[in-house]
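1. need a 3D model of the sequence below.
(one chain, ligands or ions: 1)
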Amino acid sequence: MLLRQWAWLAGLGLAAVSLAASAEEGKLRLFNWSDYMDPAIIDAFETETGIEVVQNYYNSNAELFSKLTAGGDAQYDLIVPSDYFVPRLIDAGLIQPLAAEGEELEGHDNILAEFRAPSYDPEGDYTVPYLWGATGIVYNTETWPDPAPSWGLLYDPEVNADYPFALLKGDAQFTFGTACAFQGAGFDCVGQAPWVEAARLVIETRGRDNFVGFVDATAAIEQVAKGVIHVGVAYNGDLAGKRAGDPETYGKLGFFIPKEGSQRWVDALAIPARAPNPEAARAFIEYLLRPEIAAQLANYNFYTTPNEAALPLVNDALREPPVMPDEAARERLHFTPSVSGEELELLQELWNEARSR
Ligand code: N2P
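-> The predicted model follows:
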C-alpha cells in the first residue's frame, strides 16, 4: 500500500517534470545588449518555428558576467558576449559548446574566414560571431566643432576644464586601455606597470570637478544629446543608428576613434552552460546565419556583419564611417587582449581601487 502510494506520487512528479519540459521547449530566453535586435526578426522566427522569444537586456560585459555567475547560466538560452569575455566565460564554466562533437551549425560557412577561428575561441566551438564594431568618443559638436581626435578630450584637464564628462562604466580593461593609450602605452596594454599608471590616471580624472561618473555607452549617447554631459564613450553603430532615426536630436553629436588607438570588438552568440533550451538557441543561431537575416540584423543595428554571404545585401551606410571605419582608423583599432588567472585578478583589484578611492 505504502509502495503503491509512493509510485503514484512519483508518477505525478514525473508528469509535472514533463509538463515543465514542454513549456521550456516552446521558449527561447535571449539575454542581449539593449538596442541590439530587430523586433521583426524575432517575429518572423516565432512565426516560422512556433518558439516564443523572451528577451532581457544588459549594458556591459561585466553586467552579463555577474548575472551569469549569479545563476543566470541556468536561466538564459542565448547570450551575446564580446570577444575578450569569451575565454573568461569558458574558464568559469559558464558556457557550453554550440554543437555536439563533429557537428556544425547550418550556415556556419557563411562566416568570413577571418572570423571563423578567432583567438578568443580558436576552434570556433563555443561561439558564432554576431556583429562587429568599434568603441570611441561621442561628443557635442556645438561645444567642440573641431576637436583634436584624442583621448585628451576625456583625460586632459587643459582640453576640457569645465564641461561635464563621463568615463565608461563596467569595463575595467577597456577603460585602462584608453588610459594606457593616452599615456603612450597602447590600448592593448597588459600587466602591472601600465595598469597601475592607468588606474592612477582614472583616480586623478575622477577627482576633477566636471567628472560626472561612470556611464554605460548606450546611456552616454542620450546624456550627450540631452546636454547632461558633453563628452563620453560610445559604440560607433549605436550613434549611427540614432542619427539615422532622429537627425534632429542626434545630428549635433560627433564621434571619433582617438588617434592614440581604441577598441575593435566582435560580439558573439554563445549558449550558457545550463541553458534550459539549447535546442531553441541553436535553431535561432542557424536562423541568424541565413544571409538575408544577417543582412537585416546588420542594417537594423548599423553594425558590420561577419557574414560574408550577407555583405552584398547590406546598406551603403554600413560601408562608410562611422560604421565601417576608414583605413587610417582601422589601423588604430585593436582587439582587447584576453587575460586570465592572476592577471585578471590584478585587473579587477586595480579597477575596484580606481573606481572607489
Ligand atoms: C548595442 C551595442 C552593443 C555593442 N546597442 C557592444 N559590444
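
2. CA only for contacts and neighbour counts going forward, please
-> OK.

3. look up the closest residue to residue 272, ignoring the ones flanking it.
-> Counting by C-alpha to C-alpha, 6 or more residues apart in numbering, residue 272 lies nearest to residue 95, which is 4.1 Å off, once chain neighbours are set aside.

4. quick check: residue 143 touching residue 230?
-> Yes: between residue 143 and residue 230 a contact is recorded at 7.3 Å, counting by C-alpha atoms under 8 Å.

5. more neighbours: those two, which one.
-> Shown here are residue 143 and residue 230; by other C-alpha atoms under 10 Å, residue 230 has more neighbours (26 against 13).

6. tell me who's in contact with the more buried one.
-> Residues in contact with residue 230 (C-alpha atoms under 8 Å, 6 or more residues apart in numbering) are 139, 140, 143, 163, 164, 165, 223, 224.

7. for the last one, grab phi and psi.
-> Read that as residue 224. Main-chain dihedrals, residue 224, degrees, to the nearest 10: phi -70, psi -40.

8. could you count how many residues lie near it?
-> Close neighbours of residue 224, defined as other C-alpha under 10 Å, add up to 23.

9. one more: residue 160?
-> A total of 17 residues lie near residue 160 under the criterion other C-alpha under 10 Å.

10. ok but it is inside a helix, no?
-> No: counting by DSSP: H, G, I helix; E, B strand; the rest coil, residue 160 is not found in a helix; it is coil.

11. coming back round to it: what does the residue nearest to residue 272 show for phi and psi?
-> Phi and psi for residue 95, reported as degrees, to the nearest 10, are phi -130, psi 160.

12. what do you get for residue 269?
-> Torsion angles, degrees, to the nearest 10, at residue 269: phi -80, psi 130.

13. around the ligand, pick out the residues from the stretch 51-200 of the chain.
-> Listed as neighbours of the ligand in the stretch 51-200 of the chain under the rule C-alpha under 6 Å from any ligand atom: residue 82.

14. what comes up buried for stretch 312-330?
-> 313, 314, 317, 318, 319, 321, 322, 323, 324, 325, 329, 330 (16 or more other C-alpha atoms under 10 Å).

15. and that stretch with the ligand, contact?
-> No: on the criterion C-alpha under 6 Å from any ligand atom, stretch 312-330 is out of touch with the ligand, staying 12.0 Å away.

16. assess the claim that residue 126 and residue 97 are in contact.
-> Yes: with contact defined as C-alpha under 8 Å, residue 126 and residue 97 form a contacting pair (4.6 Å).

17. name the residues contacting each of these two.
-> Common contacts of residue 126 and residue 97 (C-alpha under 8 Å, 6+ apart): residue 271.

18. who has more neighbours, these two?
-> Using other C-alpha under 10 Å, the more surrounded residue of residue 126 and residue 97 is residue 126, with 22 against 15.

19. residues in contact with the closest residue to residue 314 other than its chain neighbours?
-> The spatial neighbour of residue 314 that comes closest, neighbours along the chain excluded (C-alpha to C-alpha, 6+ apart), is residue 295 at 5.4 Å. Counting by C-alpha under 8 Å, 6+ apart, residue 295 makes contact with 305, 310, 311, 313, 314.

20. what parts of the stretch 251-357 of the chain come near the ligand?
-> Residues of the stretch 251-357 of the chain lying close to the ligand (C-alpha under 6 Å from any ligand atom) are residue 267.

21. right, and the ligand sits closest to which residue of the stretch 251-357 of the chain?
-> Here the residue of the stretch 251-357 of the chain nearest the ligand is residue 267; by C-alpha to the nearest ligand atom that distance is 5.7 Å.
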